[in-house]
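Undergrad: let me see the structure of the following:
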Amino acid sequence: MNKSNSRQQTVISGNARVVRNVNRAVILNLIREHQPISRTQIAALSGLNKSTVTNIVAELLDERLIYEEVYRDKSIGRNPINLRLRLDEHYVGALNLDYPLTSLTIADLDGSVTEVITLKTEPEDPTAFLSNCLDRLTGLRKKIGGKPLRGIGVSVAGIVDHESGVVKFAPHLGWEHVEVKTILQNHLPDDCFVSVNNDAKASALAELWFGKHEIELTNFVFLSVGEGIGAGIIIDKKLISGQCNASGEFGHMTLYEGGELCTCGNYGCWEAYASDYATLKRFHIRKRKSPHSEESYTIEQLVELARQGDEEAREALRQTGYYLGLGISNIIKALDPQAIILGGKVTRAFEILYPEIIQTVSRRAFFGKDGGVHILRTSLQIAPRLLGAATLAIREIFHDYQIIL
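TA: Numbering: from 1, shown residues only. Just a heads-up that it's a prediction; the model follows:
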């Protein structure tokens, strides 16, 4: 199916207001994905008639979401007028809530960000802490001329009900049923929305929207490797949430029955072998150091040692690559994706991890398959969990349609 036919299937009929708002989202996303693009090209790709495109484009120009530019070519008679997203006009705030540090920034519609601020996470009083985060965002707004934020995106390691914005369970924060969206909304003007989701899911969205890869990704799994292992699943360019918003909890699938104790209380979970914690544990055992002593290493230090040639650090990472490969093999057999994309600090040693991952996956995952699955490192230059938070908010602007009766 070509792109034109695919887009034409996006156009729906029904309530006139609903149809117009959906078509508005279709056109705005076409401009984002294909800019610079003309009105004629939009009509061809979307299947919408030219008058509909012209009217909606006029609205988007009035809202200052897009602008016109003349494509100047002396070899043609009438130079076409192309459309682009307008930057430096519409901003969103982004919060990645984690422990022990929370990060925040302000982002433009293209995913570019201002200064990134990190602060110590104080989860004991969620309302006070989130209020403090908003104060810090207010400080960052001065760097964009004090312009109001269209919305705020929040990513959290844990189970999140995206619709209600409730963090059902975030073990690192010690939160259960914390109404993050409501808490933030109470401190914001009515026209500033809040979008909350799991950090791995948000990272997957960021990769979908802003990632740069040689292949066009439509079906992939983003693995966020850190203190635990989280995953965001993209199918047909859509984020999969699951019945209870718990899709992608691959970190707690069982690799070895009766194996290592996991933080969830079960034994043999994947993250008990392939998380940063597990990698550091193996390394500290080799170094004969306690992971809780003042001489203990961070994952950044371990990676740097490995890249400098420390054989014990390299071996700890090679084992992590093997265990990552075991889990990835199961994901491939379950979902058959185009690619698995890895994010996290440990991926700075991707050249050490990759051979172990691909060797394990090749042995275990490709039964009856004509080709392999791409195993890729994240292409994002900004921390995926933070850019993911920004993407949650940016997506709301581009999918900003409501059913109004």
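
Undergrad: strands along the stretch 1-150 of the chain, start to end?
TA: Secondary structure of the stretch 1-150 of the chain (DSSP state E, counting those that start in this stretch): strands located at 37-38, 66-70, 81-85, 91-97, 101-107, 117-120, 149-156.

Undergrad: point out where the stretch 51-200 of the chain drops to low pLDDT.
TA: 72-78 (pLDDT under 70).

Undergrad: quick one, helices of it?
TA: For the stretch 51-200 of the chain, the helices defined by DSSP state H, counting those that start in this stretch cover 126-141, 180-185, 199-210.

Undergrad: immediately after the last one, which helix or strand?
TA: On the C-terminal side of helix 199-210, the nearest following helix or strand under DSSP states H and E is strand 220-225.

Undergrad: which strands or helices does that following strand pack on?
TA: helix 199-210, strand 229-235, helix 311-335, strand 339-343, helix 384-398 (3 or more C-beta pairs under 8 Å, 6 or more residues apart in numbering; DSSP states H and E). For the C-beta atoms, the positions are set from N, CA and C on the backbone; glycine is no exception.

Undergrad: ok, back up a step: so which of the strands of the stretch 1-150 of the chain is nearest Ala365?
TA: Taking C-beta to C-beta, strand 149-156 is the member of those nearest to Ala365, at 28.8 Å.

Undergrad: list the neighbouring strands of that closest one plus their orientation.
TA: Next to strand 149-156 in the sheet, as set by DSSP bridges, lie strand 91-97 (parallel), strand 193-198 (parallel).

Undergrad: tabulate the CA atom coordinates of the longest one in CSV.
TA: These are the backbone C-alpha positions of strand 91-97, laid out as CSV (Å, rounded to 0.1, in the frame of the first residue of the first chain):
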residue,chain,number,x,y,z
TYR,A,91,6.2,25.4,23.8
VAL,A,92,5.5,22.5,26.2
GLY,A,93,7.0,21.6,29.6
ALA,A,94,8.5,18.2,30.2
LEU,A,95,9.1,16.3,33.5
ASN,A,96,10.7,13.0,33.9
LEU,A,97,10.0,11.9,37.5
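
Undergrad: what's that strand in contact with?
TA: Identification of contacts with strand 91-97 by C-beta atoms under 8 Å, 6 or more residues apart in numbering yields 102-108, 113, 121, 133, 137, 140-141, 144, 147-157, 170, 173, 180, 199, 383, 385-390, 393-394, 397.

Undergrad: rerun at 7 Å
TA: Residues outside strand 91-97 that contact it (C-beta atoms under 7 Å, 6 or more residues apart in numbering): 102-108, 121, 133, 137, 144, 147, 149-156, 173, 199, 385-386, 389-390, 393-394.

Undergrad: outline the domain layout of the protein.
TA: When the chain is parsed with automatic domain parsing, its domains come out as 3-85, 91-204+386-398, 213-378.
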